[in-house]
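Student: need a structure here:
(2 chains)
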2 protein chains.
Amino acid sequence: MAGAREEDRRSVAQKLFAILDAFDGGPTLTLTEIAHRASLPLSTAHRLVAELTEWGGVVRADDGRYSLGLRLWRLGVRQPTARRLSALARPYLEDLLELTGEHVHLAVLDGLGATYLERLSGRDAVRVLSAVGAKLPLHATGVGLALLAFAPPELLDEVLAAGPVKFQPETLTTEKELRARLAEIRATDLSVSVNALTPRVFSIAAPVRNSSGQVVAAVSIIARIERQAEPQFEFGVRMAARGISSALGWHP
Amino acid sequence: MAGAREEDRRSVAQKLFAILDAFDGGPTLTLTEIAHRASLPLSTAHRLVAELTEWGGVVRADDGRYSLGLRLWRLGVRQPTARRLSALARPYLEDLLELTGEHVHLAVLDGLGATYLERLSGRDAVRVLSAVGAKLPLHATGVGLALLAFAPPELLDEVLAAGPVKFQPETLTTEKELRARLAEIRATDLSVSVNALTPRVFSIAAPVRNSSGQVVAAVSIIARIERQAEPQFEFGVRMAARGISSALGWHP
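Tutor: Model prediction:
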């Protein structure tokens, strides 16, 4: 643990955030697990977790394990971007689900990742990594590339500097490959990826624009590669992106 | 502001929580508004908001106003109770919406309030105070009374000690009234309220149980008083509560 031998230079706030982030690794944690994941001495973790518990940010179950509390859930649902976009997009996403029967996503740019605000899934949809609240890399997802294509050019530099991971043989990781793909996305207003993160699946994504034409989200479907030739995917994704953009006040 | 004349005895953690709670009052706030609502000197608010911003708990828009960030939304959607209950309950709530065309709620006990995890609404549903993420008083809502009826008896003492507000002439506020109503709810497994919080509406709520028979949530409908005699409300609410309980593993 950082605190044991050398001085921990983090502020109290940063230690609290490290405790909250520890729950990325599991929905319920013991105090020892929290201390370990947040690199804090047990005594510090104990004191800060007690403060978080009093506030309602974490709750302690009868078995002594902690989980995130309803107070955080209530703050989270009030997050204006997520709430507004999800509410506006929902009917269009449901139409897209009905049309395709596959996974349907709505994602927004979040640092160097795409954060999934919504995911609706058909009964027989393929197993993939996306989930509501998940944050997946920009260069390896259809929505991520769609968001990156319309972001300020510095973002691509940051993605490249971070060293994009080659999850599959088909994952784009070099500057040349990525620049070419992003130009294609800007030209077609569509982001088509095959096997970027998960093998044997394809993704079709399209940008969602707000009233000033700025890309604020992306909508996508993911399905098994066998279905790639079916025309309703591209059509459906374009329609959904257009519908949500128009609900946001975009009139091209 | 508390800090101006007398010493602020709150810990750094408590000051951070006060900043997050400030967003209860509005989705976007200026730094001055945050400092005011959290009773902090501007310099302290500035420093803590900067730390929150770096973590992603709040974001600063181009106009300088702050709102809650996606990091909190991501933590919130991972809250295990809310996530599991909502996912399990959703199909039953949708059936209840289809049956009634009114507001359909799922709420859980949260301190001295009922927090609304889900709300589905028919097109012509009456205007009420409930919303996803809202926390409403136990004594003045159908779901709140249903949760209170099956909670440890000390909770009623706490509700009474807090001084229950008489929102409408029909709101129950005395110990005698509340004890009688809670006994009735336990006897019938149903919580029927009229004009408790909003005039000219009624609510029918029923408890949701987990595999050990513990009441963990309540489901309700709210509709205009004119429809109170229609039999499908009680039937639908009982069926939804039973369905969700059974999905949670309850077998009476």
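
Student: C-alpha only now, for contacts and for neighbours.
Tutor: Fine.

Student: next one: residue A:196 from residue A:7, what distance?
Tutor: 42 Å (CA to CA, to the nearest Å).

Student: helix, strand, or coil at residue A:183?
Tutor: Each residue gets one of three states, and residue A:183 gets helix by DSSP: H, G, I helix; E, B strand; the rest coil.

Student: tell me who's in contact with the residue nearest the centre of chain A.
Tutor: Geometric centre of chain A, nearest residue: residue A:115, 1.8 Å, by CA atoms, centre = their mean. Neighbour list for residue A:115: A:107, A:108, A:109, A:132, A:133, A:134, A:135, A:136 [criterion: CA atoms under 8 Å, 6 or more residues apart in numbering or on different chains].

Student: name the member of these with the most neighbours.
Tutor: Greatest neighbour count in the contacts of residue A:115, by other CA atoms under 10 Å in any protein chain shown, goes to residue A:107: 32 neighbours.

Student: for that residue, grab phi and psi.
Tutor: Here the main-chain torsion angles of residue A:107 (degrees, to the nearest 10) amount to phi -140, psi 150.

Student: give me the nearest residue to it, chain neighbours excluded.
Tutor: Excluding the flanking residues, the one nearest residue A:107 by CA to CA, 6 or more residues apart in numbering or on different chains is residue A:116, at 4.2 Å.

Student: how about that neighbour, phi and psi?
Tutor: Main-chain dihedrals, residue A:116, degrees, to the nearest 10: phi -90, psi 110.

Student: contacting residues around it?
Tutor: Counting by CA under 8 Å, 6+ apart, the residues that residue A:116 touches are A:105, A:106, A:107, A:108, A:130, A:131, A:132, A:133, A:134, A:135.

Student: contacts only, for residue A:138.
Tutor: A:112, A:113, A:114, A:144, A:145, A:147, A:148, A:159.

Student: what about the last one, neighbour count?
Tutor: Other residues within reach of residue A:159, judged by other CA under 10 Å, total 19.

Student: distance of it from chain B?
Tutor: Plainly put, residue A:159 is 18 Å away from chain B if you go by CA to the nearest CA, to the nearest Å.

Student: helix, strand, or coil at that residue?
Tutor: Per three-state DSSP, residue A:159 ends up helix.

Student: and the third one, by the same measure?
Tutor: Per three-state DSSP, the secondary structure class of residue A:114 is strand.

Student: so what pairs up with it in the strands?
Tutor: Residue A:114 has the following beta-bridge partners by DSSP bridges: residue A:109, residue A:136.

Student: wait, it touches residue A:106, no?
Tutor: No - with contact defined as CA atoms under 8 Å, residue A:114 does not count as touching residue A:106 (9.5 Å).

Student: near chain B, which residues of chain A show up?
Tutor: A:12-14, A:16-17, A:20-21, A:24, A:27, A:48, A:51-52, A:55, A:67-70, A:72-82, A:110, A:132-134 (CA under 8 Å from any CA of the partner chain).

Student: ok, back up a step: among the contacts of residue A:138, who's most crowded?
Tutor: Result: residue A:147 is most packed of the contacts of residue A:138 (other CA under 10 Å), 31 neighbours.

Student: helices and strands around the longest helix seen in chain A, which ones?
Tutor: Counting residues, the longest helix found in chain A (DSSP state H) is helix A:80-100. Helices and strands touching helix A:80-100, by 3 or more CA pairs under 8 Å, 6 or more residues apart in numbering or on different chains; DSSP states H and E, are strand A:103-110, strand A:113-120, helix A:232-247, helix B:70-77.

Student: and for residue A:176, the neighbour number?
Tutor: A count of nearby residues for residue A:176, using other CA under 10 Å, gives 9.

Student: find the residue closest to the closest residue to chain B within the stretch 101-250 of chain A in space, skipping its chain neighbours.
Tutor: With CA to the nearest CA, the shortest gap between the stretch 101-250 of chain A and chain B falls at residue A:133, namely 4.8 Å. Setting aside the residues directly before and after it, residue A:133 is nearest to residue B:74 in space (CA to CA, 6+ apart), at 4.8 Å.
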